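A.B. asks: Test case, fold it:
(2 chains)
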Amino acid sequence: MSQTSKAPSPIGGATQPPAKIEVALTVNGVEAHLQLAPWTTLLDALRDHLDLTGTKKGCDHGQCGACTVLVEGRRLNSCLALAVMQDGAQITTIEGLAASDALHPLQQAFIEHDAFQCGYCTPGQICSAAGLIAEGKAKTSDEIRELMSGNICRCGAYPNIVAAIEQAMAVMRDKS
Amino acid sequence: MINFEYARASSVADAVRQIAMAPGAKFIAGGTNLVDLMKEDVERPTRLIDITRLPLQAVEELSDGGLRIGALVANTDLAYHPLVEQRYPLLSSAILAGASQQLRNMASTGGNLLQRTRCHYFYDLVTPCNKREPGTGCSARNGLNRMHAILGSSEACIATHPSDMCVALAALEAKVHVLGPAGERAIPFADFHRLPGDTPQIDTNLRPDEIITAVELPAPGFADHYTYLKIRDRLSYAFALVSVAVGLDLDGGLVREARLALGGVAHKPWRDPAAEAALRGQAPNDANFERAAAIVLRDAKGYPYNTFKIDLARRTLVRALTQAAQGTPQSQSNKKIL
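C.D. replies: Model prediction:
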């Protein structure tokens, strides 16, 4: 990018839309090359440009966790991440958690524990829980609750969500 | 969000060069606060300079026993770093008391220092706010000010600084290393953030053409007697009404050194050298803790909805000092306050 800076318009910002930028993302193992405006969030890139609508837009301000995905294996709020800044990154969304036909242990556990009601927060809950298990910091239910506090469930399925995560942790520990 | 241009910095020197050439540009690292403020049109940069690929990611031991933390070290990586957990558990605890794990994974050390107030009038474009638009007035003074400052506020602004990490860094007497066109300088933590005075739009003494490169901690970490006690409206993932960071050095039943810093009560992490001095050489008991708390709060001033915070701050100070003295720091997962 070599544009010279432009005078701000009355509401600020550049006077003309800057050129789109090529962004390479590997999403669920598939490499995608997108032309994106700099202000496109990772969430909007996934939903609107790659048709991966499993990741949900809740508050769009990093407060609810519905947009949680894994970037390089770490959970983050995709609504606050600019897609251009993720160029070259490996991203896993809810669509990419399961191995072929088998559900991910977290998906299986959420079903068995009825860990949702309306389901809107569920993709974010499950991706966040996958990040939590990879971090390995949560050993007790108190710690699970604390480290899942960035995922809000307005239906209030929290007890079942914690139970599902505990089950998945045990299943994944036994397998490893 | 408004239109803006995007550029990457190829080196720290290049970042400083780029920001000098583009008035209206901002650096972006984690973006957790900046992108949110841009969505609200509170921040309207013409260009974002992405610094996330710069080599400011290391945590290194210093020869004087201190620790140098690169400006781009993520909050989670810092909180769980073995040297931080062992030697500066106050810092680990404060970081884990703030935000959510997703946000801590994104947020950087330097960015945490530069986050802006969560005063709802600052976010609300239709109400006057001297911090957002200087000279328009403060809506919080006579508005809903339950979350607002009780110490160091001004006619112009009663906003609070939202960080938990910075409260610990204030108590630990960190230094902020910055680079600008004139070269490097180190800013003592107490001088980094500002009180609002007549210029609440200026949060820090970092100049617009400077970049934070590192935060350095001196050797004393108070690992045996510390706590970070945060009081808030819900147990997790909420900003502090009042928080207290304490580090004590006890010797033969007396306080040799005391560090106190408060969050949620002022425009910057609040230190009070007179209160700390009053504890030195004294026994770590309730009477002395009450006396120190009274000194901290001697000039506290409440507004219609936040006067409760003065008494809350007093009790939080005493409880935090007790936790630190007993060597029983507040857990950030089991929230029962002992």
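A.B. asks: make it CA atoms for all contacts and neighbour counts henceforth
C.D. replies: Fine.
A.B. asks: and residue B:327, how many residues sit next to it?
C.D. replies: Residue B:327 sits with 15 neighbouring residues when counted by other C-alpha atoms under 10 Å in any protein chain shown.
A.B. asks: Excluding sequence neighbours, find me the nearest residue to it.
C.D. replies: residue B:225 (5.0 Å; C-alpha to C-alpha, 6 or more residues apart in numbering or on different chains).
A.B. asks: For that neighbour, which residues are in contact?
C.D. replies: Shown in contact with residue B:225 (C-alpha atoms under 8 Å, 6 or more residues apart in numbering or on different chains): B:246, B:247, B:248, B:249, B:250, B:324, B:325, B:326, B:327, B:328, B:329.
A.B. asks: give me that answer again for 7 Å
C.D. replies: Contact analysis of residue B:225 by C-alpha atoms under 7 Å, 6 or more residues apart in numbering or on different chains lists B:247, B:248, B:249, B:324, B:325, B:327.
A.B. asks: now it: how far from residue B:82?
C.D. replies: Distance, residue B:225 to residue B:82, by C-alpha to C-alpha, to the nearest Å: 18 Å.
A.B. asks: repeat for residue B:336
C.D. replies: 26 Å.
A.B. asks: Counting neighbours, go ahead and name the busier of the two.
C.D. replies: residue B:82 (13 against 9).
A.B. asks: What's the per-residue pLDDT of the more buried one here?
C.D. replies: pLDDT for residue B:82: 98.
A.B. asks: and what of residue A:167?
C.D. replies: At residue A:167, the model reports a pLDDT of 98.
A.B. asks: Please look at it and residue A:109 and confirm they touch.
C.D. replies: Yes - assessed by C-alpha atoms under 7 Å, residue A:167 is found in contact with residue A:109 at 6.4 Å.
A.B. asks: For these two, indicate the residue with more neighbours.
C.D. replies: Applying other C-alpha under 10 Å to residue A:167 and residue A:109 shows that residue A:109 carries more neighbours, namely 23 against 19.
A.B. asks: host element of the residue most central in space within chain A?
C.D. replies: In chain A, the centroid-proximal residue (C-alpha atoms, centre = their mean) is residue A:69; its distance is 1.8 Å. Using DSSP states H and E, residue A:69 sits in strand A:68-71.
A.B. asks: The spatially most central residue of chain B: what secondary structure?
C.D. replies: Nearest to the mean C-alpha position of chain B, counting by C-alpha atoms, centre = their mean, stands residue B:166 at 2.5 Å. Secondary structure for residue B:166, judged by DSSP: H, G, I helix; E, B strand; the rest coil, is helix.
A.B. asks: Check the contact between it and residue B:114; I expect there is one.
C.D. replies: No - using C-alpha under 7 Å, residue B:166 makes no contact with residue B:114, being 9.9 Å away.
A.B. asks: Contacts only, for the residue of the stretch 201-338 of chain B found nearest chain A.
C.D. replies: The nearest approach of the stretch 201-338 of chain B to chain A comes at residue B:333, 5.3 Å away (C-alpha to the nearest C-alpha). Residues in contact with residue B:333 (C-alpha under 7 Å, 6+ apart) are A:142, A:143, A:146.
A.B. asks: at 10 Å instead, please
C.D. replies: A:138, A:140-147, B:96-97, B:235-236 (C-alpha atoms under 10 Å, 6 or more residues apart in numbering or on different chains).
A.B. asks: Mind pulling the model confidence for it?
C.D. replies: 95.
A.B. asks: Distance check, it against residue A:92.
C.D. replies: Residue B:333 sits 28 Å away from residue A:92 when distances are taken as C-alpha to C-alpha.
A.B. asks: again with residue B:98
C.D. replies: Distance, residue B:98 to residue A:92, by C-alpha to C-alpha: 25 Å.
A.B. asks: Kindly report the same for residue B:24.
C.D. replies: From residue B:24 to residue A:92 the distance is 35 Å (C-alpha to C-alpha).
A.B. asks: Residue B:177 touches residue B:186, doesn't it?
C.D. replies: Yes - Residue B:177 is in contact with residue B:186 according to C-alpha atoms under 10 Å; the separation is 4.4 Å.
A.B. asks: Bridged to residue B:26, which residues?
C.D. replies: Per DSSP bridges, the residues bridged to residue B:26 are residue B:48.
A.B. asks: Might you report the residue contacts of the residue nearest to the centre of chain A?
C.D. replies: Applying C-alpha under 10 Å, 6+ apart, the residues contacting residue A:69 are A:42-43, A:55-56, A:75-79, A:91-94, A:123-128, A:130-131, B:102.
A.B. asks: what's the answer for residue B:222, then?
C.D. replies: Counting by C-alpha under 10 Å, 6+ apart, residue B:222 has contacts B:87-90, B:171-172, B:246-250, B:257-259, B:324.
A.B. asks: out of these, which is most surrounded?
C.D. replies: That'd be residue B:90 among the contacts of residue B:222, by other C-alpha under 10 Å, with 31 neighbours.
A.B. asks: Can you tell me the SS state at that residue?
C.D. replies: Once three-state DSSP is applied, residue B:90 turns out helix.
A.B. asks: For the helix or strand where residue A:24 lies, buried residues please.
C.D. replies: In the assignment (DSSP H and E), residue A:24 maps to strand A:21-27. Buried residues in strand A:21-27, counting neighbours by 16 or more other C-alpha atoms under 10 Å in any protein chain shown, are found at A:23, A:24, A:25, A:26, A:27.
A.B. asks: ok, now stretch B:329-338?
C.D. replies: In stretch B:329-338, counting by 16+ other C-alpha under 10 Å, buried: B:329, B:330, B:331, B:332, B:333.
A.B. asks: Can you give me the first-to-last residue distance of it?
C.D. replies: 9 Å.
A.B. asks: repeat for stretch B:92-110
C.D. replies: Start-to-end, stretch B:92-110 (C-alpha to C-alpha) is 16 Å.
A.B. asks: Now find how far off-centre that stretch is within its chain.
C.D. replies: 12 Å (C-alpha atoms, centre = their mean, to the nearest Å).
A.B. asks: what do you get for stretch B:154-165?
C.D. replies: Stretch B:154-165 sits 10 Å away from the centroid of its parent chain (C-alpha atoms, centre = their mean).
A.B. asks: need the contact list for residue 155.
C.D. replies: Because you didn't say which chain, this covers chain A. Residue A:155 sits next to A:116, A:117, A:118, A:119, A:120, A:121 when contact means C-alpha under 10 Å, 6+ apart.
A.B. asks: You answered for a different chain; I wanted chain B.
C.D. replies: B:130, B:137, B:138, B:141, B:196, B:197, B:198.
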